[in-house]
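Asks: dropping a prediction and its sequence here:
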Amino acid sequence: QVQLVEFGGGLVQAGGSLALSCSASGLTFTGYAMGWFRQAPGKEREFVAAISRGGGNTYYANSVKGRFTISRDNAENTVYLQINSLKREDTAVYYCGASPFMTSAQGEYNYWGQGTQVTVSS
C-alpha cells in the first residue's frame, strides 16, 4: 500500500521559514517525480513545485519561485520543501504527490499525502 505522509506544518510569522517533508512508502520512490501542491481556504488546490525522479530538475510556480526550494533524498524516500520569506498568502494545506513524470498537472499524480497545515500570521 502506497503511503505519502507530510510533516513539518505549523504556525509561523510572516517573513519566517518552514521546512516540510514528505515520506513515501510502498512504491519505488526513484520511479516517481514528486510534487508539492497547496490548497488555501476557499480556493482550489494549486501547484507549488515539482522535482524529477533523480532530483536533477525542478520546476516552480511563479508565485513561489525564489522563496521555495524542493529537494529529495532517494535513499530516504523523502521529498522536502523549504519555504522562506513566508507571506500570509502562503497559508494553506500543503500536499505532496507522486507522478510518473515531473509536471504541474494534478491529474497526472497517482498518489497523494493527507496534507499538512501551514498558517502564516502577520
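Replies: In hand now; what should we look at? Numbering: from 1, shown residues only.
Asks: where do the helices of the protein begin and end?
Replies: In order along the chain, the chain carries no helices (DSSP state H).
Asks: quick one: the spatially most central residue of the chain and Gln117, what's the gap?
Replies: The centre of the chain sits closest to Trp36, judged by CA atoms, centre = their mean, with a distance of 2.4 Å. The gap separating Trp36 from Gln117 is 14 Å, by CB to CB, to the nearest Å. The way it works is simple: take the backbone N, C-alpha and C, and place the C-beta from them, glycine included.
Asks: low-scoring pLDDT stretches of this protein, where are they?
Replies: Judged by pLDDT under 70, the chain has no weakly predicted residues.
Asks: can you give me the strands for it?
Replies: Using DSSP state E, the strands of the chain run over residues 3-7, 10-13, 18-25, 33-39, 46-51, 58-60, 68-73, 78-83, 92-99, 111-112, 116-121.
Asks: number of residues surrounding Leu86?
Replies: For Leu86, the count of nearby residues is 21 (other CB atoms under 10 Å).
Asks: in JSON lines, list the strands of the chain along with distance to Ala105.
Replies: What follows is those, written out as JSON lines (distance: least, CB to CB, whole Å):
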{"stretch": "strand 3-7", "distance to Ala105": "17"}
{"stretch": "strand 10-13", "distance to Ala105": "29"}
{"stretch": "strand 18-25", "distance to Ala105": "18"}
{"stretch": "strand 33-39", "distance to Ala105": "9"}
{"stretch": "strand 46-51", "distance to Ala105": "8"}
{"stretch": "strand 58-60", "distance to Ala105": "11"}
{"stretch": "strand 68-73", "distance to Ala105": "16"}
{"stretch": "strand 78-83", "distance to Ala105": "18"}
{"stretch": "strand 92-99", "distance to Ala105": "8"}
{"stretch": "strand 111-112", "distance to Ala105": "13"}
{"stretch": "strand 116-121", "distance to Ala105": "22"}
